[in-house]
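In: fold the following and give me the result.
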Amino acid sequence: MAKAFDSIKQGLNEALDYSKGKKNKAIVHEFKPIDVKNVRSKVGMSQSEFASAFGISVSTLRHWERGDRKPQGPALVLLNVVAKEPKVVLEALRK
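Out: Numbers count the residues shown, from 1 in each chain. Take a look at the predicted model:
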């Protein structure tokens, strides 16, 4: 139990330091905005196929492609990974 507490405490301290602008050992992943329509086109899927393959509603996908909304959080992470390694992601989802 002490190990878990120490690990959580260290993570919180690193997060606090980072929020104050102090650079430390914390790994920060930043994902840039993405052109969802371009990603879908590169994968070669229709809107329905893409939405179904990645667990996105077609309505949400359309909003992203039109620019009405922007993917955030886990959706943005997934789309960035799909943009870089679409075959790997699709293979992993098939298993």
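
In: going forward, measure contacts and count neighbours with C-alpha atoms only.
Out: Will do.

In: name the spans of this protein whose pLDDT lies under the cut-off.
Out: Within the chain, the stretches with pLDDT under 70 are 25-26.

In: and the longest helix for it?
Out: The helix that spans the most residues within the chain, counting by DSSP state H, is helix 2-19.

In: what's the first helix or strand after that helix?
Out: helix 36-43 (DSSP states H and E).

In: may I ask which helix or strand encompasses the most centrally placed residue in the chain?
Out: Nearest residue to the geometric centre of the chain (Cα atoms, centre = their mean): V77, 0.8 Å. V77 belongs to helix 73-84 when assigned by DSSP H and E.

In: and that helix, what's buried?
Out: Going by neighbour count (16 or more other Cα atoms under 10 Å), the buried part of helix 73-84 is L76, V77, L79, N80, V82, A83.

In: ok, the residues you listed vs K42, which is closest?
Out: Using Cα to Cα, A83 is the member of the buried residues of helix 73-84 that lies nearest K42, at 8.0 Å.

In: count of neighbours near the closest residue to that closest one other than its chain neighbours?
Out: Nearest residue to A83, sequence neighbours excluded (Cα to Cα, 6 or more residues apart in numbering): V39, at 5.5 Å. The burial count assigned to V39 is 19, neighbours taken as other Cα atoms under 10 Å.

In: roughly how far apart are V39 and K84?
Out: Distance, V39 to K84, using Cα to Cα, to the nearest Å: 9 Å.
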